[in-house]
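A.B. asks: quick check, what structure comes out for this input:
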Amino acid sequence: MTEGHINTLLEGIPLPAVLIGRNERILGANARAIALLGQGLQGRHFITAIRQPAVLDAIEACLADQGAREARFLSSEGPQDTTFQVSCSSVSTDAGTGVLVCFDDVTPLEQVGQMRRDFVANVSHELRSPLTALLGFIETLRGPARDDPKATQRFLETMQEEASRMERLVKDLLSLSRVEAQERVRPTQSVDLVTILRAVLQATGPILSASNVTCEFDPEYPQLLIMGDTDQLQQVFTNLVENAVKYGGRNRGIHVRLRTEDDHAALRGPAVIISVVDEGPGIEAVHIPRLTERFYRVDSHRSREMGGTGLGLAIVKHIVSRHRGRLRISSRSGEGSSFEVILPLTQAEKPV
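C.D. replies: Numbering: from 1, shown residues only. Next up is the predicted model:
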């Protein structure tokens, strides 16, 4: 088999692939392998090109007994580390038995696994604190505070707060699970955004009053229909309004605005934009890209004090995604924050 034939065959493999001859020299490599390992591979000893002990051992073992081997290859080129599953298979060449080495990029699978581990660790951490507090109070009530009515009342109030915190966390976890399961199913019902927003502001009225926060909402349209899920959209805007009240600060105002655009760049078509803007201290730019991550908090202690679970904006992101929309967050320290939900609006739904 000529050098040209070898390279032609390797180019047909949809993975980075290298063919190593019996003399331990590289007989050929496709363009993907050259991009991964560098130029000038052909004719070099494979040790000088790959340089990772686990992969080298697998190649040497495959050359020795013609048995298939697998190994991991780690690369730090580019903006992030990448992980490849390397498979070594014995093949026959004109020069004898060689080894075909293929590199399969499994970085996305590694990232999913890491996300799962982080998620379990975060849930465990969030549940451990209230559980530890509850166990401590129960032990105290059964022991030193058994005959102390005042201490008993105080401990029971704290236990109720901790149990409520766990209940909120479990509720949000179940909600997140449901939203993720439905994310690929687009809503098919026509709903009125103005009615939904008015219902949300009515439901959050007690929270607004308790913090002495005023809310401005004066929609331009009496009705604005879109394809959506009423319950989920109410969950989105309730979360955004409650966050604006909690983190915007007492004795301030929030503004709920609704407008349409004939050709929004993000959706490449007509859109309706719902903004929830607060007058609070704002959010530093470094935090904004991570706000929709599960359990990410700008101020963990303050968030827990206010009853936050760290899952609210993650749920919002998935609901907006299900509606084929976008979530945009903008803020400057000392100038408040703006959360925009951009939803598609068909020509038939556009207000007159």
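
A.B. asks: strands of the stretch 51-200 of the chain, start to end?
C.D. replies: Per DSSP state E, counting those that start in this stretch, the stretch 51-200 of the chain carries strands over the ranges 69-75, 82-93, 96-105, 190-192.

A.B. asks: deepest-packed of those, please.
C.D. replies: Compared across the strands of the stretch 51-200 of the chain, strand 96-105 shows the largest average neighbour count, a mean of 20 (mean count of other CB atoms under 10 Å). (C-beta placed from N, C-alpha, C; glycine too.)

A.B. asks: what's the angle between it and strand 69-75?
C.D. replies: 50 degrees (axes from the mean of the first three to the mean of the last three CA atoms, to 10 degrees).

A.B. asks: phi first, then psi, for Thr260.
C.D. replies: In terms of degrees, to the nearest 10, the main-chain angles of Thr260 are phi -120, psi 160.

A.B. asks: quickly list what it is bridged to.
C.D. replies: Val272 (DSSP bridges).

A.B. asks: isn't it right up against Ala271?
C.D. replies: Yes: the pair Thr260 and Ala271 qualifies as a contact (CB atoms under 8 Å) at a distance of 6.9 Å.

A.B. asks: bridged to the residue nearest to Phe46 when sequence neighbours are not counted, which residues?
C.D. replies: Nearest residue to Phe46, sequence neighbours excluded (CB to CB, 6 or more residues apart in numbering): Ile20, at 4.9 Å. Note on Ile20: beta-bridge partners by DSSP bridges are Ile26, Val99.

A.B. asks: using the three-state scheme, assign the residue nearest to the spatial centre of the chain.
C.D. replies: Nearest residue to the geometric centre of the chain (CA atoms, centre = their mean): Glu293, 5.0 Å. The local conformation at Glu293, judged by DSSP: H, G, I helix; E, B strand; the rest coil, is coil.

A.B. asks: that one and Ile50, how far apart?
C.D. replies: 36 Å (CB to CB, to the nearest Å).

A.B. asks: what's the answer for Val286, then?
C.D. replies: 38 Å.

A.B. asks: cool, Val123 as well?
C.D. replies: 40 Å.

A.B. asks: quick one: buried residues of the longest helix seen in the chain?
C.D. replies: Once the chain is assigned using DSSP state H, the helix that runs over the most residues is helix 107-142. The neighbour-count check on helix 107-142 (16 or more other CB atoms under 10 Å) flags Asn122, Val123, Glu126, Pro130, Ala133, Leu134, Phe137, Leu141 as buried.

A.B. asks: report the angle between that helix and strand 82-93.
C.D. replies: Here helix 107-142 runs at an angle of 140 degrees relative to strand 82-93 (the same axes, to 10 degrees).

A.B. asks: the residue nearest to Phe46: what's it in contact with?
C.D. replies: Ile26, Leu27, Phe46, Ile59, Leu63, Gly98, Val99, Leu100, Val101 (CB atoms under 8 Å, 6 or more residues apart in numbering).

A.B. asks: same question for stretch 252-264, mean pLDDT?
C.D. replies: Taken as a whole, stretch 252-264 has an average pLDDT of 89.

A.B. asks: now it: buried residues?
C.D. replies: Residues Arg252, Gly253, Ile254, His255, Val256, Arg257, Leu258, Thr260, His264 are the ones in stretch 252-264 that count as buried (16+ other CB under 10 Å).

A.B. asks: spatially nearest residue to Val324 (excluding sequence neighbours)?
C.D. replies: Check again: residue 324 is Arg, not Val. Arg324 sits nearest to Pro344 (CB to CB, 6+ apart), 5.5 Å away.
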